[in-house]
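**Q** let me see the structure of the following:
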Amino acid sequence: MSHIPNEAEKIVVDGATVDFYKLEKDGQSTYYFDTSKEGPPHPMVNAMAGIGKIKGTNDTLVMINHKTPGGLFAKLEDDVKYSVNELDDGLVEVVFSYNANASGESDLTQTSCAG
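**A** A predicted model of the protein is given here:
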């Protein structure tokens with residue numbers, strides 16, 4: 001079962017190691033990627049690449065992963081907001097957005113896990 005909408009179009013994202021998809025609706029874009037079958041460092045690498053796509057925009061990024069990426073969250077400043085939703089099949093969906101009123105800026109080059 002895919003958690004990426006069928007109408008989303010496959011796109012190229014610099015630095016990504018998995019497929020990314022984009023869905024435009026009402027002038028806003030949502031980017032999707034699935035690292036639920038990938039181990040480290042793929043979730044971190046792809047999340048940072050995807051966050052780079054939404055930085056400074058009103059767009060969102062949706063990550064499908066096998067667990068909550070706590071190591072990733074520890075690397076983010078308050079310029080990146082996120083919410084975690086547990087899915088019925090045991091996977092998690094993390095929805096990222098940009099916070100224009102942030103006091104800090106995330107270093108998107110930090111793509112290695114320390115644990």
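**Q** now the worst-scoring helix or strand of the chain on mean pLDDT: buried residues?
**A** Lowest on mean pLDDT, DSSP states H and E among the helices and strands of the chain sits helix 70-75, with a mean of 93. Across helix 70-75, burial judged by 16 or more other CB atoms under 10 Å covers 72, 75. To be clear about C-beta, it is placed using only N, CA and C from the backbone, and glycine gets the same treatment.
**Q** next: stretch 36-55.
**A** Buried residues in stretch 36-55 (16+ other CB under 10 Å): 36, 38, 42-55.
**Q** and these, which of them are in helices?
**A** Judged by DSSP state H, helices contain the following of the buried residues of stretch 36-55: 42-54.
**Q** just put those in CSV and tack on distance to residue 29 and pLDDT.
**A** Below are those laid out as CSV (distance: CB to CB, whole Å; pLDDT from 0 to 100):
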residue, distance to residue 29, pLDDT
42, 22, 95
43, 21, 96
44, 22, 95
45, 21, 96
46, 17, 97
47, 17, 97
48, 18, 96
49, 15, 97
50, 11, 97
51, 14, 97
52, 13, 96
53, 8, 96
54, 8, 97
